[in-house]
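Visitor: pasting the structure only:
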């Protein structure tokens, strides 16, 4: 085990850093947690339940009802509904309803499997009766005393590799509480418990108040555990922290409540691009085992049909209201097809087709943009690449695509 004081001193030197050996150990540690965060293995229910029980015990809380569900979407809604029911029962059903939810879609589009899973999870979590989440209690009980000595090598490195992927799933879990299937469930629960469905949907919208990230918070776990596993620092707090750590290893997103804990399974599909942004060109970037899926193009959430057989037309792509999604749509459709809709004009054309032609076009809400149209070494023509607006010639733009500024030193390679 490495000497902790030596590493801390070395890491804090103004012109220093850590040794090559120490870097390798920290890199291996980060990779372990990145792999855990990106895991698509089904949870082991027995180990996960044991970890959750230990976490509640470490927080001096009674043992909860533990419910394992198939996706964060069901976790969020079932947790919100269960919280509403528990709170209402403990407060004698004294609920002030929020604005009435739209009734028009009450019985439309209900997914039987989702309904059954959410209803079952809600009942298992409530047993016919909620109140506040236990975030503050568990956070205080599990947070260990840490130092910044290995932050860059652990938390930052792991966070960079996992944040975009995991935030996307968290964000989308309950982006709308008027989802037709869950509105139907809330109305059914209203009939059975006498609790306004508006209140239950409102609680579902606030699922994040009870939320903890499980394996998706790998960056933080990597940082904390590095002090113990790499630096060899032993602190009394680690005894309680180990319960939190076990939950991060064994399970996905979870909702923590005084009375229940609802934990999501890991996804079965998790795809990213070379910058670790959620991305898939022909299917979902995230998919859970109940079928709930998310679709992303280089980190931008997109309609699933764009990459599953029904891409937007060129006209739809260039007029799409969301600018980030518009750029993704243009890339999916292909800038060559987009330029045909934009009355593009030639700025400069090189004699060498593999260097190409510099083109300018007026892109809606973006202004004048420049593109390089080239013929690749395999003979394919019409490859169009966006380039910076300051490009003046095709040669300059071609050099830029290879990261070369010195045109005299630039000799085009075969483009594939």
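Guide: Yes, it's here. In this text the structure is predicted, and so the values were computed from the model without any measurement. Numbering: from 1, shown residues only.

Visitor: Rank the helices and strands of this protein by mean pLDDT and give me the bottom one.
Guide: helix 135-142 (a mean of 40; mean pLDDT, DSSP states H and E).

Visitor: Low-confidence ranges, the stretch 251-400 of the chain, go.
Guide: 376-382 (pLDDT under 70).

Visitor: Which residue ranges of it form helices?
Guide: Using DSSP state H, counting those that start in this stretch, the helices assigned to the stretch 251-400 of the chain run over residues 314-319, 323-333, 335-341, 394-401.

Visitor: Tell me the buried residues in the first one?
Guide: Neighbour-count burial for helix 314-319, counted by 16 or more other C-beta atoms under 10 Å, picks out 314, 317, 318. C-betas here are computed from N, CA, C, even on glycine.

Visitor: What's the local residue count around the nearest residue to the second one once chain neighbours are set aside?
Guide: Closest residue to residue 317 apart from its sequence neighbours, by C-beta to C-beta, 6 or more residues apart in numbering: residue 329 at 3.8 Å. Neighbour count for residue 329, taken as other C-beta atoms under 10 Å: 25.

Visitor: And residue 329, how close does it get to residue 389?
Guide: Using C-beta to C-beta, to the nearest Å, one gets 21 Å for the distance from residue 329 to residue 389.

Visitor: Could you do residue 309 as well?
Guide: Residue 309 is 34 Å from residue 389, by C-beta to C-beta.

Visitor: what's the neighbour count on residue 325?
Guide: Neighbours of residue 325 under the rule other C-beta under 10 Å: 18.

Visitor: Next, the contact list for it, please.
Guide: Residue 325 makes contacts with 300, 301, 302, as judged by C-beta atoms under 8 Å, 6 or more residues apart in numbering.

Visitor: Highest neighbour count among those residues?
Guide: residue 302 (24 neighbours).

Visitor: correct me, but that residue touches residue 329?
Guide: Yes: applying C-beta atoms under 8 Å, one finds residue 302 in contact with residue 329, separated by 7.4 Å.

Visitor: Any chance of the buried residues of helix 314-319 in JSON lines with distance to residue 181 as columns?
Guide: Output for these, formatted as JSON lines (distance: C-beta to C-beta, whole Å):
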{"residue": "314", "distance to residue 181": "34"}
{"residue": "317", "distance to residue 181": "30"}
{"residue": "318", "distance to residue 181": "34"}
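
Visitor: Just name the closest of these to residue 255, please.
Guide: residue 317 (38.2 Å; C-beta to C-beta).

Visitor: Please report the distance of that closest one from residue 323.
Guide: 12 Å.

Visitor: now swap in residue 386 and tell me
Guide: 14 Å.

Visitor: Show me which of these two is the more surrounded one.
Guide: residue 386 (16 against 13).

Visitor: residues touching the nearest residue to that one once chain neighbours are set aside, list them.
Guide: Once flanking residues are discounted, residue 386 sits nearest to residue 371: 5.7 Å by C-beta to C-beta, 6+ apart. By C-beta under 8 Å, 6+ apart, the residues touching residue 371 are 335, 339, 344, 358, 359, 360, 361, 384, 385, 386, 387.

Visitor: would you turn these into CSV with distance to residue 183?
Guide: Formatted as CSV, these follow (distance: C-beta to C-beta, whole Å):
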residue, distance to residue 183
335, 41
339, 44
344, 46
358, 53
359, 49
360, 49
361, 44
384, 44
385, 45
386, 42
387, 47
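
Visitor: Show only the entries of those residues found in strands.
Guide: 358, 359, 360, 361, 384, 385, 386, 387 (DSSP state E).

Visitor: before we move on, the earlier item: which one of the helices of the stretch 251-400 of the chain lies nearest to residue 250?
Guide: helix 323-333 (34.8 Å).

Visitor: That closest one to strand 383-387, inter-axis angle?
Guide: Using axes from the mean of the first three to the mean of the last three C-alpha atoms, to 10 degrees, the inter-axis angle of helix 323-333 relative to strand 383-387 is 150 degrees.

Visitor: Tell me which residues touch the spatially closest residue to residue 273 that is not a sequence neighbour, please.
Guide: In space, and not counting its chain neighbours, residue 273 is closest to residue 279: 3.9 Å by C-beta to C-beta, 6+ apart. Each residue near residue 279 by C-beta under 8 Å, 6+ apart is listed here: 271, 272, 273, 285, 296, 297, 298, 299.

Visitor: Of those residues, which is the nearest to residue 198?
Guide: Among those, and counting by C-beta to C-beta, the member closest to residue 198 is residue 296, at 31.8 Å.

Visitor: On the strand side of things, show who that closest one bridges to.
Guide: residue 301 (DSSP bridges).

Visitor: and it, how many neighbours?
Guide: Neighbour count for residue 296, taken as other C-beta under 10 Å: 24.

Visitor: my guess is it contacts residue 278, does it?
Guide: Yes: contact criterion C-beta under 8 Å: residue 296 and residue 278 qualify, at 3.8 Å.

Visitor: Would you check how far apart residue 183 and residue 266 are?
Guide: Taken as C-beta to C-beta, the span from residue 183 to residue 266 is 28 Å.

Visitor: Spit out the contact partners of residue 311.
Guide: Here residue 311 is in contact with 305, 329, 332, 333 (criterion: C-beta under 8 Å, 6+ apart).

Visitor: which among these end up buried?
Guide: Using 16+ other C-beta under 10 Å, the buried members of the contacts of residue 311 are 329, 332, 333.

Visitor: What residues of the host helix or strand of residue 83 count as buried?
Guide: According to DSSP states H and E, residue 83 maps onto helix 72-90. Across helix 72-90, burial judged by 16+ other C-beta under 10 Å covers 72-89.

Visitor: what does stretch 24-31 give?
Guide: Going by 16+ other C-beta under 10 Å, stretch 24-31 has these buried residues: 25, 26, 29, 30.

Visitor: Narrow those to those in helices?
Guide: Taking DSSP state H, the ones among the buried residues of stretch 24-31 that sit in helices are 25, 26, 29, 30.

Visitor: Pick out whichever of these sits closest to residue 225.
Guide: residue 29 (7.6 Å).

Visitor: so that closest one touches residue 226, yeah?
Guide: Yes: Residue 29 lies in contact with residue 226 (C-beta under 8 Å); the separation is 5.4 Å.
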